[in-house]
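> sequence below, structure please.
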Amino acid sequence: MILKKFVYKNVDSTNDLAIKIIRNSENKSGIVIANNQKKGRGRYGKKWISLKGNIFVSIFFNYGKNNIPLKKMTYINCFLVKKLLSFYYKKRISIKHPNDLLINKKKISGILQEIIKKDKTKYMIVGIGINLINNPKITNYPTTNLREISNKKINKEEIILKLKKIYENFITKPDLHATSKIL
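Numbering: from 1, shown residues only. As a prediction, the model looks like this:
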């Protein structure tokens with residue numbers, strides 16, 4: 001399955017935009033990519049701090065076709081983003097329950113998972129924020145960014161393309177056996 005790309009300079013929230021695309025079009029899957037996000041969201045309405053140069057994407061797809069419990073999907077989404085980060089950072093990347101990725105006990109990524117229904121079909125929306133070249137300063141919650149910990153030049157478009165391919169492969173053929181071993 002190919003995820004259709006929806007690319008924007010400025011959005012309020014990539015998840016909110018994915019919801020609008022699902023509700024107002026015939027697109028069954030896609031990836032919403034934004035250079036700037038003004039009102040990024042985290043769990044329970046918390047704000048996701050969207051600093052310039054970082055990754056803000058939402059991936060959406062038909063969730064009704066698989067029988068993966070929602071709680072397990074949370075872990076799978078963390079695993080898929082962890083897989084992406086492991087291309088750039090070879091040491092330990094940990095998952096902080098339920099939806100944060102940490103390197104050296106510092107947050108590098110957060111995931112917001114939502115489900116909506118349209119015409120009796122369930123769609124999953126996976127909002128992914130990755131601190132690519134900047135990281136917010138949050139009291140009592142250390143953060144980091146990929147450029148800082150990898151000491152490598154970061155190509156945002158390349159990273160988004162890899163993330164898109166990781167999700168296309170998973171959506172086409174969910175490898176539950178492989179993910180369950182890791183999770």
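
> my guess is residue 31 is in a strand, correct?
Yes. Using DSSP: H, G, I helix; E, B strand; the rest coil, the assignment for residue 31 is a strand.

> the closest residue to it other than its chain neighbours and residue 105, how far apart?
Leaving aside its chain neighbours, residue 31 sits nearest to residue 3 (4.5 Å; criterion: C-beta to C-beta, 6 or more residues apart in numbering). For every residue, glycine as well, the C-beta is placed using N, CA and C. Distance, residue 3 to residue 105, by C-beta to C-beta, to the nearest Å: 32 Å.

> cool, residue 5 as well?
34 Å.

> and those two? which has more neighbours close in?
More crowded of residue 5 and residue 105, by other C-beta atoms under 10 Å: residue 5, with 13 against 9.

> what residues does the more buried one make contact with?
By C-beta atoms under 8 Å, 6 or more residues apart in numbering, the contact set of residue 5 is 30, 31, 33, 164.

> which residues are in contact with the third one?
Residue 33 sits next to 5, 6, 7, 8, 14, 56, 57, 160 when contact means C-beta under 8 Å, 6+ apart.

> quick check: neighbours of the helix or strand hosting residue 6 in the sheet, parallel or antiparallel?
Applying DSSP states H and E as the criterion places residue 6 in strand 4-11. Take DSSP bridges as the rule and strand 4-11 pairs in its sheet with strand 30-37 (parallel).

> what residues sit buried inside the partner strand?
Buried residues in strand 30-37, counted by 16 or more other C-beta atoms under 10 Å: 30, 31, 32, 33, 34, 35, 36, 37.

> for residue 161, see how far away the residue most central in space within the chain is.
In the chain, the residue lying closest to the centroid (C-alpha atoms, centre = their mean) is residue 128, at 2.3 Å. Going from residue 128 to residue 161 by C-beta to C-beta gives 14 Å.

> next one: residue 60
Residue 60 is 18 Å from residue 161, by C-beta to C-beta.

> more neighbours: which of these two?
Per other C-beta under 10 Å, whichever of residue 60 and residue 161 has more neighbours is residue 60, with 29 against 13.

> show me what contacts the more buried one?
18, 21, 22, 29, 30, 31, 32, 123, 124, 125, 126 are the contacts of residue 60 under C-beta under 8 Å, 6+ apart.

> can you confirm residue 148 is in a helix?
Yes. Under three-state DSSP, residue 148 sits within a helix.

> I figured it hits residue 142, correct?
No. Using C-beta atoms under 8 Å as the test, residue 148 is too far from residue 142 to be in contact (11.9 Å).
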